[in-house]
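Trainee: The sequence and its predicted three-dimensional model are supplied below.
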Amino acid sequence: METLFLDLGLPHTLSSFLAMTVWAVLLIHFLAIYAGVTSWVERRVAAKMQSRVGPNRVGPQGILQWLADGVKLILKESIDPEGADRFMFYLAPFLMVCGVFATFVVLPWGSFIIPADLNVGILYLISITALVVIGILMAGWASNSKWALLGGMRSAAQIVTYEIPVAMGLLPAIMAAGSLQMGHLMAAQGWAPWEWFAFQNPFAALSFFLFFIGSIAESNRIPFDLPEAESELVAGYFTEYSGFKFAAFSLAEFGNTWVVGAVTAAVFLGGGNLPAFLGESAILSLVVFTAKTLFAVFLLMWIRWTLPRFRIDQMMDFSWKYMLPLAFVAFFGQAIYMMLTYESAMAQQIISHGMFLVFLLVLFKFTGRVMLNVREQLSPVNSPASDLVAPAQPTVETEAQAVTE
Amino acid sequence: MNKELTTQFMTINMGPQHPSTHGVIRFIIDTDGEIIHRCDPDIGYLHRSIEKIAEKVTWQGFVPYTDRVDYLCAMNANWAYSMAVEKMIGVEAPRRAEFIRVIVAELNRISSHLIAIGTTAMDMGAFTPFIQLLREREYINDLLEMASGARLTYNYICIGGVMADLPLGWSEKCEEFIHHFDLAMEQMNRLVTYNQIFINRMANLAVVSPQMAQAYNLVGPNLRASGIKRDVRRDAPYSVYPELDFEIPVGKGLEGEVGDCYDRFFVRVEEIRESLRILRQCLKMIPEGEVMAKVKKTIKPPAGHYYVRHETPRGDTGYFIQSDGTTSPYRLKIRSGSFTGMSIIGELAKGTFIADLVAIIGSLDVVAPELDR
Amino acid sequence: MNQYFHNMINGIQTVFEGMSITLASMFQGPATVEYPDVDVRSVDSIRVGLKGKRGYKGNLRGMPENYRGILDVDMSICTACLICMKACPIDCIAITNVKCDKRKLQGKNGKPAAQTRAATRFDIDIAKCMFCGLCVEPCPTGAIFHTNEFEMNRDNLEGLILRFVAPEEAEKASKRAAEIAVEQAEKKAALAKEKAAAKGEDS
């Protein structure tokens, strides 16, 4: 985009500034709309899983529900709790939004479009998301509420704990690509699933799992939603928030799902790579990338509406006792794997194809379970057919009739 | 400078408007960070003086109030009260009525346990099983609505029998439901009961030893989870229960010690299975005949006092009635399982996390209206 | 150590099992009854949508015939006997009655019933009513009964009191009662006169 402005004959500094501004404006609008629509999608998906209908009144199928919610929240009175630290109270939601939004700098949009392909891409992403924890902690502290404080403290513990497995989970991918740059990470993979990093070898697959689980924890979603556990802490760190500030929290929360999905898609699921016969179409690449991202987002929702929540000590145990050792296994395993198969492309091919076959087998088994469960759920109950079989109930009370003398 | 730094306990007010204190119950908890040091249950927010109302209404007129004592198992409450009055006036319900009572009460027991299981799962953060179980409960409500005409406060079992006979086609519908529910319940077990995260949350938490359970006078599933096989349906049988073949599930310490939260949860799951067994038998054995014994319009029981025990989903529920020979009770006292369940929470919650307190409340199945009456 | 791996493997298995169940649930239609869009008043009408809306496709039923909704009274067969008023545990039925011409009615279950009094006021306060059905049971003629009507939002509290006797009718009834009283007094007087006359003849 910068070259576009340079071609117009603008000076270098001005054109790069303009390019950045345009990107920022585009992205913040994307974030806002994406977060809104996702909140509706999530509610509909949850409703589907729970035999409910979900929001379906505003617009066709309720698709404008997020607009109605947003307008309502903006018009709401903004309440400051008694004794709150006003400055921090107001700052916290915007820090959270900043933390999420700043990651969009390095998130790619397919193989060819990327706002800024920094050479420290992944490292930048990991470090900038730490802004979110400051926001949460600030919100919890400044609210002058005990529930919010507990939520804030939980969140700080959680995010600090899960940074490590997440970073360790990304390491094998970085080792394989030999770069921290997003573009290089994507270019190191191919279009086909067996060329994706998630199926490269068993250790890469393990690191993919670890990264995904850690990301769920970092985005504060079930089973790791302890900071906002509604049955324990009312609403956690945003208990006292209302109006637009509350909307900013939801914006950050739902925006985070895109960040998790996009990083997963770019680093582990082959990014926006297209097969050779499709040529180098930026649009097509964008579509492929978005599809993969949205699949990852759906996975997040699916997990959220399936699992119960961890307890705080179990959550810590899970990270330090299970995920961290496994992350080390993945890290060293990847190193050994790379050393052993360094010269043999054949071995690499066999292992990655084998991994993909194993994945297909698991998928096949899983589909079988799903079919069984669908059949079980469709077993008839209260069926209208049995209404028709049984004759209508004769009225017990004989109609009393007036008999005049 | 040898002044030591001291830490203070944080006093938190949990409830009455807290999402996990279903109904309105309040806990005052002193915490050290996340760990509870003292938990003080505060009850009485849902007190409606039902026992006092009983002294002002007629004997039949109190039956609809028993619906409100414990709205999750209105049939059982109806039955307990009706049984007490029947004993006083020496009336025996016809055999068909007794079978109908067992059927509707066991259906109601299932629906009550579904709520207990579902809300526990919801407090653990799993929202889907709760809604799915509520969906199954709606089918039970449909069945009971067909029989009684209401979905929640049935007022179906009355003194001397039941209000109306089962409509035609009801037992077929009930069998269809039992078949469906067997599968659905097993599926929900796979979704939440056997889930490793859920087991970790519930196992080895708030262990109630048999001695402690008896000392606190726990009843029903809470007592049975501690390994004590005690059930009014078996120990002091009433109605047609002696003819039926069913087991009394007790806590076995499946994932930890006997009497932990998981056992209390699992005993309810197993009780649902036993209730389904009872239902299957009853639908086969139910005879034809009258559903209502001859009862005078104005009941005047002889003076004296009576106590009737009845096994509701909350356990051994007692109705103590004192009559002075007039048209309304002189004194009526309800002994409820939730009350003793509530009294043990303060003891169990010590040293656990805030998140555990929610699990303890859920596993003890405390129902606020029955607690306060 | 064994426990460690058991936890890990069991955790993964159960999570996948749970996810297969939630995915399977997505293929099942909603069980929610979208209430104002469908008419829930009967088993059949719930499957037909109102005003071009989709009907209900799930497994739940509409109301059965014996549903206990708002009470209704058929004044043409009401004997104003006050039994329902006495049966009501919360006193939401208020009846006053006066004497009227005697007529015979066919009661519930074939038992005969007779009307000797007419209601001048028959109010049911449905704000208090708890729909227990205790008033329906003892009614000798089946005049008071539950309907399938359950929508009872009114714009004021007064609207929640159902009045089954119009003021004109009440007036008519009380006028008739006065006439009856006069007639009976006359009859009585006539009887007394006759008796006195008979006595007089006797003595």
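Mentor: Cool, got the structure.
Trainee: The closest residue to chain A within the stretch 101-250 of chain B: neighbour count?
Mentor: Residue nearest to chain A within the stretch 101-250 of chain B: residue B:169 (2.5 Å; Cβ to the nearest Cβ). C-beta: built from backbone N, CA, C; applies to glycine. Residue B:169: 17 surrounding residues under other Cβ atoms under 10 Å in any protein chain shown.
Trainee: Now do the contacts for the residue nearest to residue A:378 when sequence neighbours are not counted.
Mentor: Counting by Cβ to Cβ, 6 or more residues apart in numbering or on different chains, residue A:378 lies nearest to residue C:28, which is 7.0 Å off, once chain neighbours are set aside. For residue C:28, the contact set (Cβ atoms under 8 Å, 6 or more residues apart in numbering or on different chains) comprises A:51, A:374, A:377, A:378.
Trainee: Could you tell me which of these belong to helices?
Mentor: Counted as lying in helices by DSSP state H, out of those, are A:374, A:377.
Trainee: Buried ones from the contacts of residue C:28, can you make that a ChimeraX selection?
Mentor: Selection of buried members from the contacts of residue C:28 for ChimeraX, criterion 16 or more other Cβ atoms under 10 Å in any protein chain shown:
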select /A:51,374,377
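Trainee: Wasn't the residue nearest to residue A:378 part of a helix?
Mentor: No: counting by DSSP: H, G, I helix; E, B strand; the rest coil, residue C:28 falls outside a helix, being coil.
Trainee: Quickly note the distance from it to residue A:375.
Mentor: Using Cβ to Cβ, to the nearest Å, residue C:28 is found at 11 Å from residue A:375.
Trainee: before we move on, back to that, which of the contacts of residue C:28 sits closest to residue A:216?
Mentor: residue A:51 (24.7 Å; Cβ to Cβ).
Trainee: Not counting sequence-adjacent ones, nearest residue to the closest one?
Mentor: residue C:31 (4.3 Å).
Trainee: which phi and psi does that neighbour have?
Mentor: phi -100, psi 0 (degrees, to the nearest 10).
Trainee: Using PDB, list the CA coordinates for stretch A:113-131.
Mentor: Extracted C-alpha coordinates of stretch A:113-131, given in PDB (Å, rounded to 0.1, in the frame of the first residue of the first chain):
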ATOM      1  CA  ILE A 113      -1.400  -9.200   2.000                       C
ATOM      2  CA  ILE A 114       0.000  -8.300   5.400                       C
ATOM      3  CA  PRO A 115       0.000  -4.900   7.100                       C
ATOM      4  CA  ALA A 116       3.600  -5.000   8.300                       C
ATOM      5  CA  ASP A 117       5.600  -8.200   7.900                       C
ATOM      6  CA  LEU A 118       7.900  -7.500  10.800                       C
ATOM      7  CA  ASN A 119      11.000  -9.700  11.100                       C
ATOM      8  CA  VAL A 120      10.100 -10.400  14.800                       C
ATOM      9  CA  GLY A 121       6.400 -11.000  13.900                       C
ATOM     10  CA  ILE A 122       5.500 -13.900  16.300                       C
ATOM     11  CA  LEU A 123       7.600 -12.400  19.100                       C
ATOM     12  CA  TYR A 124       5.800  -9.100  18.700                       C
ATOM     13  CA  LEU A 125       2.500 -10.900  18.800                       C
ATOM     14  CA  ILE A 126       3.300 -12.800  22.000                       C
ATOM     15  CA  SER A 127       4.600  -9.700  23.800                       C
ATOM     16  CA  ILE A 128       1.900  -7.300  22.700                       C
ATOM     17  CA  THR A 129      -0.900  -9.500  23.900                       C
ATOM     18  CA  ALA A 130       0.500  -9.000  27.400                       C
ATOM     19  CA  LEU A 131      -1.200  -5.600  27.400                       C
END
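Trainee: quick one: buried residues of it?
Mentor: A:114, A:115, A:118, A:121, A:122, A:123, A:124, A:125, A:126, A:128, A:129, A:131.
Trainee: Could you do stretch B:84-95 as well?
Mentor: B:84, B:85, B:86, B:87, B:88, B:89, B:91, B:93, B:94, B:95.
Trainee: Next, residue B:189: secondary structure please.
Mentor: helix.
Trainee: I figured it was touching residue B:269, is that so?
Mentor: Yes: the pair residue B:189 and residue B:269 qualifies as a contact (Cβ atoms under 8 Å) at a distance of 6.4 Å.
Trainee: Please list all residues in contact with residue A:208.
Mentor: Counted by Cβ under 8 Å, 6+ apart, residue A:208 has contacts A:169, A:197, A:198, A:264, A:268.
Trainee: And it, its phi and psi?
Mentor: Taking degrees, to the nearest 10 as the convention, residue A:208 sits at phi -60, psi -50.
Trainee: For chain C, see how far away it is.
Mentor: Distance of residue A:208 to chain C, given as Cβ to the nearest Cβ, to the nearest Å: 14 Å.
Trainee: Excluding sequence neighbours, find me the nearest residue to residue A:164.
Mentor: Here the residue nearest residue A:164, using Cβ to Cβ, 6+ apart, is residue A:324, at 6.3 Å.
Trainee: The one you found sits in which helix or strand?
Mentor: In the assignment (DSSP states H and E), residue A:324 maps to helix A:324-340.
Trainee: surely residue B:353 meets residue B:37?
Mentor: No: under the criterion of Cβ under 8 Å, residue B:353 makes no contact with residue B:37, lying 11.7 Å away.
Trainee: So between the two, which is more surrounded?
Mentor: residue B:353 (20 against 14).
Trainee: residues from the stretch 151-300 of chain A in reach of chain B?
Mentor: Counting by Cβ under 8 Å from any Cβ of the partner chain, the residues of the stretch 151-300 of chain A close to chain B are A:153, A:154, A:222, A:223, A:225, A:226, A:229, A:230, A:231, A:232, A:233, A:234.
Trainee: Verify the contact between the last one and residue A:147 for me.
Mentor: Yes: with contact defined as Cβ under 8 Å, residue A:234 and residue A:147 form a contacting pair (4.8 Å).
Trainee: in chain C, which spans are strands?
Mentor: Taking DSSP state E as the test, the strands found in chain C are C:71-73, C:93-106, C:112-125, C:144-146, C:161-163.
Trainee: Let me know which of these is the nearest to residue B:332.
Mentor: strand C:93-106 (24.1 Å).
Trainee: Excluding chain neighbours, give the residue nearest to the residue nearest to the spatial centre of chain C in space.
Mentor: The centroid of chain C falls nearest to residue C:71 when counting by Cα atoms, centre = their mean (2.3 Å). Distances taken as Cβ to Cβ, 6+ apart put residue C:124 closest to residue C:71, at 5.3 Å, once the chain neighbours are dropped.
Trainee: Same question for residue C:150.
Mentor: The nearest residue in space to residue C:150 (Cβ to Cβ, 6+ apart) is residue C:69, at 4.5 Å.
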